[in-house]
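[1] A structural model of the following input is requested.
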Amino acid sequence: MTKAYAAYNRNDRIRFQSSSGGVFHALAASVIEDGGVVFGVRFDDQFRAVYDVAEEVRELEMFQGAKYVFPCMNKVCERVGKYLEEGRRVLFTGLPCHVAGVRAYLRNADTDRLFCVDLVCHGTPENIAWESYMRYEKKRTGKISGVRMRDKSGGWTDYRLVIESKGEEAKSEPARKNLYMRGYTKDLYLRKPCYNCRFRGVERHSDITLGDYWGVSARHRKLDTAGGVSLVLVHSQKGADILEQAGKSLICEETEIEYACSHNPAITDSPDMPRCREHILAQMKKGIDFSQCIEPYIKEKFIVYIREKIRGLKNISKNR
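    Below you'll find the predicted structure:
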């Protein structure tokens, strides 16, 4: 039976560098300190998302922060299996579909030392969308030296996408205004399976699920929520054990699973596929500028949103 917790890291620096509450870092550090290894997703030098392994706590920084990009598996299943054969503890952190894939690949192996953590996933964009966006940014910014997709300098709930360039001031933009993030949150270019994902749900293939705990302040008034709070869903005894092991680094309170899930619908619900998706991707494949590909659809949805708001206000007036 899955249990739910509100949690965040006691270390403010680690928490600030993390997308939510910094729980991943606490879990990962506890595994490494016990002689294990941790798999997660980082950006390579071309800003492609790839799975990689960390054997030292200082290396965990490359995995911190969200990457709203579909990662390359990078032979991760074979690499996880190799460490297990060596008798090492392994923490694999990834998308729900990838956790299921690793489990399936290792179905005949001894996985007693394998711990799996998946993420609450809204869906992952097609790679062509990220490639198109990066070309767009390079034209505006020049040579890109760093990307942060969940920068908290504006706060946890008003996070920013930051593009860094060598010798230039970093370009920081609220996610709600950034073209890539607006297209992503409006589901314009997700991968097809994401619109009908069979790996969503409260019960998972993982030992633990991590995500944002939106709405946490209404249930946990004594928690310091400003820096970000993680929703932690524990699905197995192994998950409970590793959370307890990392407990010294965390502020953690049990919470109501129904309430928590109702404030993060991506746990259970898939987005609807927009009719414009195929046209947008076709335009990107032709090399058309990223902004030209998506701006018409973002504007259209915004106009529809305004019309609905006005209609709603009129209905309220009529009912008074």
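[2] Only C-alpha atoms from now on, for both contacts and neighbour counts.
    Will do.
[3] what is the mean pLDDT for stretch 21-37?
    Mean pLDDT, computed over stretch 21-37, is 98.
[4] which helices and strands sit right next to the helix or strand harbouring Val50?
    Per DSSP states H and E, Val50 falls inside strand 49-54. Secondary-structure packing of strand 49-54 (3 or more CA pairs under 8 Å, 6 or more residues apart in numbering; DSSP states H and E): strand 37-43.
[5] elements contacting the strand it packs on?
    helix 23-33, strand 49-54, strand 90-94.
[6] Let's see that with 10 Å instead.
    helix 23-33, strand 49-54, helix 76-85, strand 90-94, strand 114-119 (3 or more CA pairs under 10 Å, 6 or more residues apart in numbering; DSSP states H and E).
[7] quick one on the thing from earlier: contacts for the strand holding Val50?
    28-29, 32, 36-44, 59-63, 67-76, 79-80, 90-94, 127 (CA atoms under 10 Å, 6 or more residues apart in numbering).
[8] OK, contacts around the residue nearest to Asp110 when sequence neighbours are not counted?
    Closest residue to Asp110 apart from its sequence neighbours, by CA to CA, 6 or more residues apart in numbering: Leu84 at 7.5 Å. Leu84 is in contact with 36-37, 78, 90, 106, 109-114, counting by CA under 10 Å, 6+ apart.
[9] Arrange those in CSV, one row each, with distance to Tyr8 and neighbour count as further columns.
    As requested, those are exported to CSV (distance: CA to CA, whole Å; neighbours: other CA atoms under 10 Å):
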residue, distance to Tyr8, neighbour count
Gly36, 22, 22
Val37, 22, 24
Glu78, 32, 13
Val90, 22, 25
Leu106, 31, 16
Ala109, 33, 12
Asp110, 32, 12
Thr111, 28, 16
Asp112, 27, 11
Arg113, 25, 15
Leu114, 23, 20
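[10] before we move on, back to that, the inter-axis angle of the strand holding Val50 versus helix 76-85?
    With axes from the mean of the first three to the mean of the last three CA atoms, to 10 degrees defining the directions, strand 49-54 sits at 10 degrees from helix 76-85.
[11] to the chain's geometric centre, what's the distance from strand 49-54?
    Distance of strand 49-54 from its chain centroid, counting by CA atoms, centre = their mean, to the nearest Å, is 15 Å.
[12] Just the mean pLDDT for that strand, thanks.
    For strand 49-54, the per-residue pLDDT averages 98.
[13] Output that strand as CSV - backbone C-alpha positions only.
    Once non-C-alpha atoms are left out, strand 49-54 reads as follows in CSV (Å, rounded to 0.1, in the frame of the first residue of the first chain):
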residue,chain,number,x,y,z
ALA,A,49,19.8,14.7,-22.0
VAL,A,50,21.6,11.4,-21.2
TYR,A,51,21.6,8.8,-18.4
ASP,A,52,24.8,8.6,-16.5
VAL,A,53,26.2,7.3,-13.3
ALA,A,54,27.6,9.0,-10.1
